[in-house]
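Colleague: no sequence for this one, just the structure:
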């Protein structure tokens, strides 16, 4: 990724950690579509990908204040998307196995 792109994430994360709520809105505007796209790429389910993106934001909102390296926001957040996507896939596999 471009350094300028990562630097803006770092600034937004620090601003949010310092209490600036608008920074979170800007992060959501910047990243939400990427989260949906990554989740869809894994699940091939539009509704699930939207739910996964929302669940990811819920985790981010809770844990962002404790993120020690603001430079790592993108990779950290995408790991949450991947983890939630794989959880969904495992749940679907269990549901399919029961039927």
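Modeller: Thanks, I have the structure now. Just so you know, these numbers come straight off a predicted model, no measurement behind them.

Colleague: alpha carbons only for contacts and neighbour counts from here, please
Modeller: Will do.

Colleague: Tell me the helix or strand right after the least confident helix or strand in the chain by mean pLDDT.
Modeller: Least confident helix or strand of the chain, by mean pLDDT, DSSP states H and E, is helix 3-17 with a mean of 86. The first helix or strand that comes after helix 3-17 along the chain, using DSSP states H and E, is helix 21-43.

Colleague: and after that next one, which helix or strand comes next?
Modeller: helix 46-63.

Colleague: Please identify the buried residues of that following helix?
Modeller: Along helix 46-63, these residues count as buried under the neighbour rule (16 or more other Cα atoms under 10 Å): 48, 49, 50, 51, 52, 53, 54, 56, 57, 60.

Colleague: Same question for stretch 12-23.
Modeller: Quick answer for stretch 12-23 (16+ other Cα under 10 Å): 12, 13, 14, 16, 17, 23.

Colleague: how far out from the middle of the chain is stretch 85-99?
Modeller: In terms of Cα atoms, centre = their mean, to the nearest Å, the centre of stretch 85-99 is found 21 Å from the chain centre.

Colleague: Kindly report the same for stretch 61-70.
Modeller: 12 Å.

Colleague: buried sites along that stretch?
Modeller: Buried, per 16+ other Cα under 10 Å, within stretch 61-70: 64, 70.

Colleague: From the rest of the structure, what touches that stretch?
Modeller: 9, 10, 11, 13, 14, 16, 17, 73 (Cα atoms under 8 Å, 6 or more residues apart in numbering).

Colleague: Let me know the closest of the buried residues of helix 46-63 to residue 95.
Modeller: Ranked by distance to residue 95 (Cα to Cα), the buried residues of helix 46-63 are led by residue 48 at 14.7 Å.

Colleague: Now for that closest one: which residues touch it?
Modeller: Contacts of residue 48 (Cα under 8 Å, 6+ apart): 39, 40, 88.

Colleague: any weak-confidence spans in this structure?
Modeller: 1-6, 99 (pLDDT under 70).

Colleague: Does anything pack onto the longest helix along the chain? Which helices or strands?
Modeller: The residue-count maximum for a helix in the chain (DSSP state H) belongs to helix 73-98. For helix 73-98, the packing partners by 3 or more Cα pairs under 8 Å, 6 or more residues apart in numbering; DSSP states H and E come out as helix 3-17, helix 21-43, helix 46-63.

Colleague: Alright, calling it a day.
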